[in-house]
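A.B. asks: What would the 3D arrangement of this be:
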Amino acid sequence: MHANPITSAALLTLAHLLGPAQPHVLPSSFSPSSQLQTCPSRTSPQSFSLRDITYLHYETAPNTPTPQPNTTQLVFEVTNSHTGISTGCALQIVPRPEKGDDVETGDDDDEEQDWFTCLERTTSDEKSYPVKTSAHVDWDVWRLSVKQTWVCEESITINQFSAMTLAPTCTESRTGSQYIKECLVPDMVVAATFDSTD
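C.D. replies: Alright, predicted model coming up:
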């Protein structure tokens, strides 16, 4: 018996699952500039733009020969309206097998991790300006939070934050050996609050 083929989106996400669970990095076509030298004004609106938001939940039956690990993953790209920097994030949990049990029914490996680290982007115009991004998701209610930290005008640290509720459209497929749930979320622009420290 042959399992139904996994869709291309699922294959793209599952390609990294043979090794230990770790944050993924999405490619970005953004060309860095010198925008990071200026600090945002408190009177001007700031936002994060999210796109290519994809969810995947994948399970295999316990008796499947050489099964891939069960996984839940949310992948997206976020762009900061002030810096113009685009960063890829992937939040992934993989169940940890219980001791003495070959079936992966233990606690989720990263479920207790509050924040997942995304790719650290750095642009330069004579100097470097690192942008650190992290994200958290409440899987049960589709609540996603994103925060970024970066430095402007050489010495001022900017901390930005946004939280949003996702509205996914999902499809499910099941065979004797696997279950797949895939969801797509519309692109969105959300307000981002910020504070600064010298």
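A.B. asks: just checking, next helix/strand downstream of the helix or strand where residue 190 lies?
C.D. replies: Secondary structure assignment for residue 190, by DSSP states H and E: strand 188-191. Proceeding N to C from strand 188-191, the next assigned helix or strand is strand 193-197, under DSSP H and E.
A.B. asks: That following strand packs against which elements?
C.D. replies: strand 156-165 (3 or more Cβ pairs under 8 Å, 6 or more residues apart in numbering; DSSP states H and E). To be clear about C-beta, it is placed using only N, CA and C from the backbone, and glycine gets the same treatment.
A.B. asks: Quick check: buried residues in the strand holding residue 190?
C.D. replies: With burial defined by 16 or more other Cβ atoms under 10 Å, the residues of strand 188-191 counted as buried are residue 188.
A.B. asks: Can you say which helix or strand has residue 141 in it?
C.D. replies: Using DSSP H and E, residue 141 is not contained in any helix or strand.
A.B. asks: neighbours around the closest residue to it other than its chain neighbours, how many?
C.D. replies: The shortest distance from residue 141 to any non-neighbouring residue, by Cβ to Cβ, 6 or more residues apart in numbering, is to residue 165 (7.1 Å). Look at residue 165: counted by other Cβ atoms under 10 Å, it has 10 neighbours.
A.B. asks: State the distance from residue 68 to residue 60.
C.D. replies: Counting by Cβ to Cβ, to the nearest Å, the gap from residue 68 to residue 60 is 6 Å.
A.B. asks: Which of those two has more residues huddled nearby?
C.D. replies: residue 60 (20 against 15).
A.B. asks: Tell me what that one is bridged to.
C.D. replies: residue 178 (DSSP bridges).
A.B. asks: what does residue 50 give?
C.D. replies: Following DSSP bridges, residue 50 is listed with bridge partners residue 78, residue 188.
A.B. asks: Could you tell me which ranges of this protein sit under the pLDDT cut-off?
C.D. replies: Along the chain, segments meeting pLDDT under 70 span 1-37, 67, 95-113, 121-129, 198.
A.B. asks: Apply 50 and report the result again.
C.D. replies: 1-36, 98-112 (pLDDT under 50).
A.B. asks: the helices in it, which residues?
C.D. replies: Using DSSP state H, the helices found in the chain span residues 8-14.
A.B. asks: Contact partners for the residue nearest to residue 141?
C.D. replies: Listed by Cβ atoms under 8 Å, 6 or more residues apart in numbering, the contact set of residue 165 reads 141, 142, 143, 144.
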